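S.K.: Sequence below, structure please.
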Amino acid sequence: QVQLVESGGGLVQPGGSLRLSCQASGFAFSMNAMSWYRQPPGKAREWVATSSSNGETTTYADSVKGRFTISRDNTRNTLYLQMSSLKPEDTAVYLCNYYWASRGRDYWGQGTQVTVAS
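M.R.: Numbers count the residues shown, from 1 in each chain. I've put the predicted structure just below:
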């Protein structure tokens, strides 16, 4: 079955950096686009970034463009999100997402909490 396990969250000061990881299994990771989403406290889930299957094409929400970098290691079935110049408004649960198109279904990890505060 599809499993997505995020890690790397924590408490960081404004201006700091974190790298999130998402270990994937149960599907052909290297052949599929992958995304990061986040859910700030009390707010709706929002899209953050997407990587194409080979990592050559990446897209970002305007709110994180220039500060976050999505990448992947297809030999390790792992998706990453490098976050820098973090702001308090980046505080959220960050979730890894795989959309299985032929099933019409989204798969989510359990999420990892990122808190940006001094």
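S.K.: for the one helix or strand Ser35 maps to, packing partners?
M.R.: Using DSSP states H and E, Ser35 falls within strand 34-39. When contacts are defined as 3 or more Cβ pairs under 8 Å, 6 or more residues apart in numbering; DSSP states H and E, strand 34-39 sits against strand 18-25, strand 46-51, strand 78-83, strand 92-100. Using the backbone N, CA and C atoms, a C-beta is placed for each residue, glycine as well.
S.K.: so of these, which one's packed in deepest?
M.R.: strand 78-83 (a mean of 22; mean count of other Cβ atoms under 10 Å).
S.K.: Pairing partners for it, with directions?
M.R.: Neighbouring strands of strand 78-83 in its sheet, by DSSP bridges, are strand 18-25 (antiparallel), strand 68-73 (antiparallel).
S.K.: Just grab the bridge partners of the residue nearest in space to the middle of the chain for me.
M.R.: With distances taken as Cα atoms, centre = their mean, Trp36 lies nearest the centre of the chain, 2.8 Å away. Bridge pairing for Trp36 (DSSP bridges) gives the partners Ala49, Cys96.
S.K.: List the residues that contact it.
M.R.: Counting by Cβ atoms under 8 Å, 6 or more residues apart in numbering, Trp36 touches 20, 22, 47-50, 70, 79, 81, 94-97.
S.K.: Please apply the same query to Gln13.
M.R.: Contacts of Gln13 by Cβ under 8 Å, 6+ apart are 86, 116-118.
S.K.: Is it possible to get TSV of those residues that adds neighbour count?
M.R.: Output for the contacts of Gln13, formatted as TSV (neighbours: other Cβ atoms under 10 Å):
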residue	neighbour count
Leu86	22
Val116	19
Ala117	10
Ser118	8
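S.K.: any chance of the strands paired with strand 78-83 in TSV, with distance to Arg103 and mean pLDDT too?
M.R.: Below are those laid out as TSV (distance: least, Cβ to Cβ, whole Å; pLDDT from 0 to 100):
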stretch	distance to Arg103	mean pLDDT
strand 18-25	16	98
strand 68-73	21	98
